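S.K.: got a predicted structure here, sequence first:
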Amino acid sequence: MKKLFICLAILTLATFWACSSDDGSCIVCTYSQEGNNDNIDVCNKNGNAISDGYDTDTTYSAYIDSLENSGYICQ
């Protein structure tokens, strides 16, 4: 039980750190089709998209547009 608590705490901190941004702009993009469900956290950091903690080397707006054109719903 203690290991589970530690893992959840680390995951929470990692998510918070990954989605911390200079302008506070983070959203979740969801894909759900034919039994496939996928959620992606996307944050705006200095105009670049940070997806699930990784810098995409793509502008935030272009990355969101790309996800939405692929069938994701971003809110």
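M.R.: Good, I have the coordinates. Numbering: from 1, shown residues only.
S.K.: report the helix or strand with the lowest average pLDDT across the protein.
M.R.: helix 2-18 (a mean of 51; mean pLDDT, DSSP states H and E).
S.K.: mean confidence score for the helix or strand harbouring residue 65?
M.R.: For residue 65, the element it lies in under DSSP states H and E is helix 60-69. In this model, helix 60-69 has an average pLDDT of 96.
S.K.: give the buried residues for it.
M.R.: 60, 63, 64, 67 (16 or more other C-beta atoms under 10 Å). Heads up, the C-betas are built off the backbone N, CA and C, glycines and all.
S.K.: pretty sure the last one sits against residue 74.
M.R.: In other words, residue 67. Yes: contact criterion C-beta atoms under 8 Å: residue 67 and residue 74 qualify, at 6.0 Å.
S.K.: shared neighbours, these two?
M.R.: Contact criterion C-beta atoms under 8 Å, 6 or more residues apart in numbering; residues shared by residue 67 and residue 74: 29, 42.
S.K.: circling back: packing partners of the helix holding residue 65?
M.R.: The contact analysis (3 or more C-beta pairs under 8 Å, 6 or more residues apart in numbering; DSSP states H and E) places helix 60-69 against strand 25-33, strand 36-45, strand 48-51, strand 73-74.
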